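Novice: no sequence on this one, just coordinates:
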């Protein structure tokens with residue numbers, strides 16, 4: 001066999017060996033690691049105590065009454081907003097209101113009690129309050145945020161002062177004698193802003 005043929009044969013043998021090795025398995029060091037993750041949602045849980053704040057009779061123009069109640073964050077998340085919705089059911093005892101409503105003359109003054117002081121939240125009539133919807137509704141927590149710079153933390157209990165006034169408009173209000181109003185307030189808590197955890 002001449003040198004060229006021997007060289008070609010050697011090259012073919014090396015190629016065949018490399019192909020066999022390439023098709024086989026290699027032994028090498030290896031290692032693995034795992035990461036386990038848990039994602040759990042927190043809870044928003046707002047409660048109010050007591051659930052009946054006012055039960056007033058025999059009001060006349062110029063009368064007012066102040067009551068306190070507490071809002072409590074029973075959840076695990078900060079509460080960013082507490083929106084107040086108002087439903088009013090009015091009874092015109094004599095049917096003589098002539099298109100006017102008693103709720104236009106009953107004013108609500110909400111104050112947030114901070115360390116035995118009070119921060120104004122709003123002062124408006126029941127007629128104005130019942131028209132508020134969405135984020136246009138009074139945000140009771142806004143005064144808390146303005147006073148403290150924080151959302152309502154879990155476990156927090158805070159006092160709200162509410163004053164109801166049958167506002168004397170300086171005119172004859174006889175048409176409202178015997179009339180009554182039922183008011184339902186619904187407090188809707190929403191979360192604070194999202195943040196890096």
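Specialist: Structure received. Quick caveat: nothing in here was measured; it's all calculated off a predicted structure.
Novice: which residues in the protein form strands?
Specialist: 46-49, 64-73, 79-91, 106-112, 119-125, 157-166, 180-191 (DSSP state E).
Novice: ranking these by burial, who's on top?
Specialist: Among the strands of the chain, the stretch with the highest mean neighbour count (mean count of other CB atoms under 10 Å) is strand 106-112, at a mean of 20. Using the backbone N, CA and C atoms, a C-beta is placed for each residue, glycine as well.
Novice: what angle do strand 119-125 and that strand make with each other?
Specialist: Interaxial angle of strand 106-112 relative to strand 119-125 (axes from the mean of the first three to the mean of the last three CA atoms, to 10 degrees): 170 degrees.
Novice: pairing partners for strand 106-112, with directions?
Specialist: strand 119-125 (antiparallel), strand 157-166 (antiparallel) (DSSP bridges).
Novice: list the contacts for residue 85?
Specialist: The contact partners of residue 85, by CB atoms under 8 Å, 6 or more residues apart in numbering, come to 132-133, 137, 185-188.
Novice: rerun that using 10 Å as the cut-off
Specialist: The contact partners of residue 85, taken as CB atoms under 10 Å, 6 or more residues apart in numbering, are 129-130, 132-134, 137-138, 184-188.
Novice: tell me which two of these sit farthest apart.
Specialist: 134 and 184 (17.9 Å; CB to CB).
Novice: which stretches of this protein have low pLDDT?
Specialist: 1-26, 115-116 (pLDDT under 70).
Novice: and of the contacts of residue 85, the nearest to residue 34?
Specialist: residue 188 (42.1 Å).
Novice: I'd say residue 69 and residue 51 touch.
Specialist: Yes: under the criterion of CB atoms under 10 Å, residue 69 makes contact with residue 51 at 8.5 Å.
Novice: any idea what the nearest residue to residue 46 once chain neighbours are set aside is bridged to?
Specialist: Once flanking residues are discounted, residue 46 sits nearest to residue 189: 3.9 Å by CB to CB, 6 or more residues apart in numbering. Beta-bridge partners recorded for residue 189 (DSSP bridges): residue 82.
Novice: now for residue 189: which residues touch it?
Specialist: Each residue near residue 189 by CB under 10 Å, 6+ apart is listed here: 44-47, 71, 73, 75, 77, 79-83, 140-141, 152.
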